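Visitor: need a structure here:
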Amino acid sequence: MPNPPAHLPNPWLAVDVSTNINLRARQLHAARERFLETDVAPADVRAPIGESWRRSLAAGLVPGDWRPPLDLDEDAAAAMLAAHPLGRLQPIVQGALQAVSTAAEHLVVVSDADGLLLSVEGDSRVRREAAEELHFVPGARFSERSAGTNAIGTSLAADHPVQVFASEHFGDHSRWWTCVAAPVRDPKTGDVLGSVGLAGRMKTAHPHSLALVAAVASMLEAALRIGPPEAAAAPLLLPVRSGARPRLTIATLDRDRAEVGVDGDLHALSLRHSEILVLLAANPSGMTGDQLAIALYGDAGKPVSARAEMSRLRRILRSCLKTDPYRLDADVEADFALVQQRLGSGSARDAASASPARTPAPAPSSSAWRPRTATSTSAATSTKRPPQRRSPTARSTAPSWRRPQARGR
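Guide: Model (predicted):
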């Protein structure tokens, strides 16, 4: 039997392609029961999940057949979405996730910074089941302190994209479901605005989902950097180039992985090379080995790892890839730049039409597409569980998307 996902290199990922979904679900159910008896997470439970379980207990929650609270009706949630900074970017969310969510029987969800669901879209049958079983509807609050461990609340609490599977959820109501979510930040202020995610039945869990929602969160942050339509027109991330240099075309928004054309010669890239290419396209002045390693692998990234990938990528890009710093030396045309240009002109509809509704490769954030680095989250522990669920603590009267979120907790 393969090692449990607790031993996967990425602790934010619940399953890989070799995971026996039903077996792993049974293991997690037993592990959660042991945790509730001892307040100690078993060794086969991922660290981010164990930390979230402890936060859930500290918030006064106990597993049971309760549901997250419904704080707003759907009309009020729709009005809140329209006023929210992520509201105007819904065409990007739907364009990036709608097709894959339909095929995978997932729901596409957007929340505010306090886990309030603003939008839930997807197959009508799955929406009905999620509403009945989970209260997974616009207006429900899925913060950790209200709903326990879940991808939306946990991604916001840990400030990191996360996948939550089966009984990794703290509430019994979610044990047959899986979800992934990634926080979205205002690139100008660093404040957490909300999250974007996918949710579906346990059987639909797949490791690619985590990378997908992280990429979409980065797309949204890139669009937010441009600003609202009334702001001054923002320049493209990619400068206009001219001359006799090679022509490099980058297609990311209509395929699972990037396709690059070097003077008309097309190549399908690996996921890692797709990430590198988008990073370099978003940073035309170049990136050092240290910068690239951190962007690709987090704070523990080593330049030697990035250098090995660049060596393999150079076989495809040839003279278009320069070093010291790493940069693209070509006339670059990228589809995500067209989306940004149309957003800058104030036309979200045109931007959506330029972004075909298929799975995107990772897109650039404000200055580079950068995977979120793992944050060490210290959670309050409880030596004795409260006998019943406690009411959520009072919230600030300021709009939730303005709420700063501390880093490095």
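Visitor: where does the stretch 1-150 of the chain have low pLDDT?
Guide: 1-8, 65 (pLDDT under 70).
Visitor: Please repeat the previous calculation with a cut-off of 80.
Guide: Across the stretch 1-150 of the chain, the ranges flagged by pLDDT under 80 are 1-9, 64-66, 74, 99-103.
Visitor: go on, the stretch 251-400 of the chain?
Guide: In the stretch 251-400 of the chain (pLDDT under 80), the answer is 253-256, 264, 297-309, 311-312, 315, 336-400.
Visitor: all helices of it, in order?
Guide: Applying DSSP state H, counting those that start in this stretch to the stretch 251-400 of the chain gives helices spanning 271-282, 289-297, 303-317, 335-344, 348-353.
Visitor: all strands for the stretch 151-300 of the chain, in order.
Guide: 162-165, 177-185, 192-201, 247-251, 259-262, 265-268 (DSSP state E, counting those that start in this stretch).
Visitor: Looking at the helices of the stretch 251-400 of the chain, which is nearest to Arg145?
Guide: Nearest to Arg145, of all those, is helix 289-297, at 31.6 Å by Cβ to Cβ. From N, CA and C alone the C-beta is placed, and that goes for glycine too.
Visitor: Let's have the helices of the stretch 251-400 of the chain in CSV, adding distance to Phe35.
Guide: Output for those, formatted as CSV (distance: least, Cβ to Cβ, whole Å):
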stretch, distance to Phe35
helix 271-282, 34
helix 289-297, 30
helix 303-317, 35
helix 335-344, 42
helix 348-353, 44
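Visitor: Among the ones you listed, which comes closest to Phe136?
Guide: helix 348-353 (24.7 Å).
Visitor: returning to what we had before: do you know which of the helices of the stretch 251-400 of the chain lies nearest Thr154?
Guide: Of those, nearest to Thr154 by Cβ to Cβ is helix 289-297, at 21.9 Å.
Visitor: buried sites along that closest one?
Guide: 289, 291-296 (16 or more other Cβ atoms under 10 Å).
Visitor: show me where the stretch 51-200 of the chain has helices.
Guide: Going by DSSP H, counting those that start in this stretch, the stretch 51-200 of the chain shows helices at 74-83, 90-104, 124-134, 144-147, 151-158.
Visitor: which of these is buried the deepest?
Guide: Mean neighbours per residue, mean count of other Cβ atoms under 10 Å, is largest over the helices of the stretch 51-200 of the chain for helix 151-158, with a mean of 30.
Visitor: now the angle from that helix to strand 177-185?
Guide: 40 degrees (axes from the mean of the first three to the mean of the last three Cα atoms, to 10 degrees).
Visitor: got the contact list for helix 151-158?
Guide: 48-49, 51-52, 55, 109, 111, 113-115, 117, 142-147, 161-164, 179-183, 192, 194-195, 197, 199, 375, 377, 405 (Cβ atoms under 8 Å, 6 or more residues apart in numbering).
Visitor: will you turn the helices of the stretch 51-200 of the chain into TSV that also has distance to Met310?
Guide: What follows is the helices of the stretch 51-200 of the chain, written out as TSV (distance: least, Cβ to Cβ, whole Å):
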stretch	distance to Met310
helix 74-83	41
helix 90-104	27
helix 124-134	42
helix 144-147	39
helix 151-158	30
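Visitor: Relative to Leu210, which of these is closest?
Guide: helix 151-158 (9.2 Å).
Visitor: list the contacts for Ser305?
Guide: Here Ser305 is in contact with 293, 296-297 (Cβ under 8 Å, 6+ apart).
Visitor: Out of the residues you listed, the closest to Ala83 would be?
Guide: Of those, the one sitting nearest to Ala83 (Cβ to Cβ) turns out to be Leu296, at 36.1 Å.
Visitor: any idea how far that closest one is from Asp290?
Guide: Separation of Leu296 from Asp290 (Cβ to Cβ, to the nearest Å): 11 Å.
Visitor: How many residues are close by Thr288?
Guide: 13 (other Cβ atoms under 10 Å).
Visitor: List the contacts of the closest residue in space to it that isn't next to it in sequence.
Guide: Spatial nearest neighbour of Thr288, chain neighbours left out: Pro325 (5.0 Å); criterion: Cβ to Cβ, 6 or more residues apart in numbering. Taking Cβ under 8 Å, 6+ apart, we find Pro325 in contact with 285-289, 291.
Visitor: gap between Asp39 and Val45?
Guide: As judged by Cβ to Cβ, Asp39 and Val45 stand 13 Å apart.
Visitor: Between the two, tell me which one has more neighbours.
Guide: Counted by other Cβ under 10 Å, Asp39 and Val45 do not tie: Val45 has more neighbours, with 23 against 15.
Visitor: OK, contacts around the spatially closest residue to that one that is not a sequence neighbour?
Guide: Leaving out its chain neighbours, the residue that sits closest to Val45 by Cβ to Cβ, 6+ apart is Ala31, at 5.2 Å. For Ala31, the contact set (Cβ under 8 Å, 6+ apart) comprises 41-42, 44-45, 167.
Visitor: Good, we can wrap up now.
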